[in-house]
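In: A structural model of the following input is requested.
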Amino acid sequence: MMDRGMQFMRGMGGGQNDPNDPNAVNDPNDPNDPLESLNLNNVEMRNLMKTIGDWTGKTVIPSSDEIMQAKITVYSPQKLKRSQALSLIYMALQSRGVAVDQTAERIILRPLLSAKLG
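Out: Next up, the predicted model:
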C-alpha cells in the first residue's frame, strides 16, 4: 500500500536504464525510458525501495535500520523520463544522508558517511 503522498503515473514500457551511466543514450522516443509523474510527499523508505526496484529491475538493500527511517519529498510539475526521475530520487536521498551504491544486480542504500569511509 502506498502512502497518500506517493503518486507515480507509469508510462508505457519498462526498461532498466541506469540513470548514473554517463554513456547512456537519451533518445526521447526510447520505450525503455518511459515518462513518469513524480509527486513524492514525505514518502517512507519502504515504499521508495519498492518503486526503485520496480523501475530498475534490481534488488534494493538497505544497509541499516537508520536508512529505513529516512523519508523524502520530490515534486516535478511535468512528466520526466524514468531515468531523470530516478536521478532526482537519488539526489533527494543523498540530501537526506543516504548514499546509493549500484552494481549490475543490486542497489545498496547506506548512510552517506559510511559510503565515504569505505
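In: could you give the mean pLDDT of the helix ranked longest in the chain?
Out: Ranked by number of residues, the top helix in the chain under DSSP state H is helix 82-95. Helix 82-95 shows a mean pLDDT of 95.
In: Can you list the buried residues in it?
Out: Residues of helix 82-95 classed as buried by neighbour count (16 or more other C-beta atoms under 10 Å): 82-86, 88-90, 92-93. Every C-beta, even on glycine, is put in place using the N, C-alpha and C of the backbone.
In: Output it as CSV, restricted to C-alpha atoms.
Out: Provided in CSV are the C-alpha atoms of helix 82-95 (Å, rounded to 0.1, in the frame of the first residue of the first chain):
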residue,chain,number,x,y,z
ARG,A,82,12.2,7.5,-15.7
SER,A,83,16.0,7.8,-15.7
GLN,A,84,15.6,11.5,-14.8
ALA,A,85,13.0,10.8,-12.1
LEU,A,86,15.4,8.2,-10.6
SER,A,87,18.2,10.7,-10.6
LEU,A,88,16.1,13.2,-8.7
ILE,A,89,15.1,10.5,-6.2
TYR,A,90,18.8,9.6,-5.7
MET,A,91,19.7,13.3,-5.2
ALA,A,92,16.9,13.6,-2.6
LEU,A,93,18.2,10.5,-0.8
GLN,A,94,21.7,12.0,-0.8
SER,A,95,20.4,15.2,0.7
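In: So what are the sheet partners of the helix or strand that it is followed by and their directions?
Out: Counting by DSSP states H and E, the next helix or strand C-terminal to helix 82-95 is strand 98-102. The pairing partners recorded for strand 98-102 under DSSP bridges are strand 106-111 (antiparallel).
In: Between helix 82-95 and the strand it pairs with, find me the angle.
Out: Between strand 106-111 and helix 82-95, the angle comes out at 30 degrees (axes from the mean of the first three to the mean of the last three C-alpha atoms, to 10 degrees).
In: Low-confidence regions, this structure specifically.
Out: 1-31, 114-118 (pLDDT under 70).
In: can we see that at 50?
Out: Across the chain, the ranges flagged by pLDDT under 50 are 1-17, 19-20, 22-25.
In: Tell me which helix or strand comes right after whichever strand in it runs longest.
Out: The longest strand of the chain (DSSP state E) is strand 35-44. Heading C-terminal from strand 35-44, the first helix or strand you meet, by DSSP H and E, is helix 45-56.
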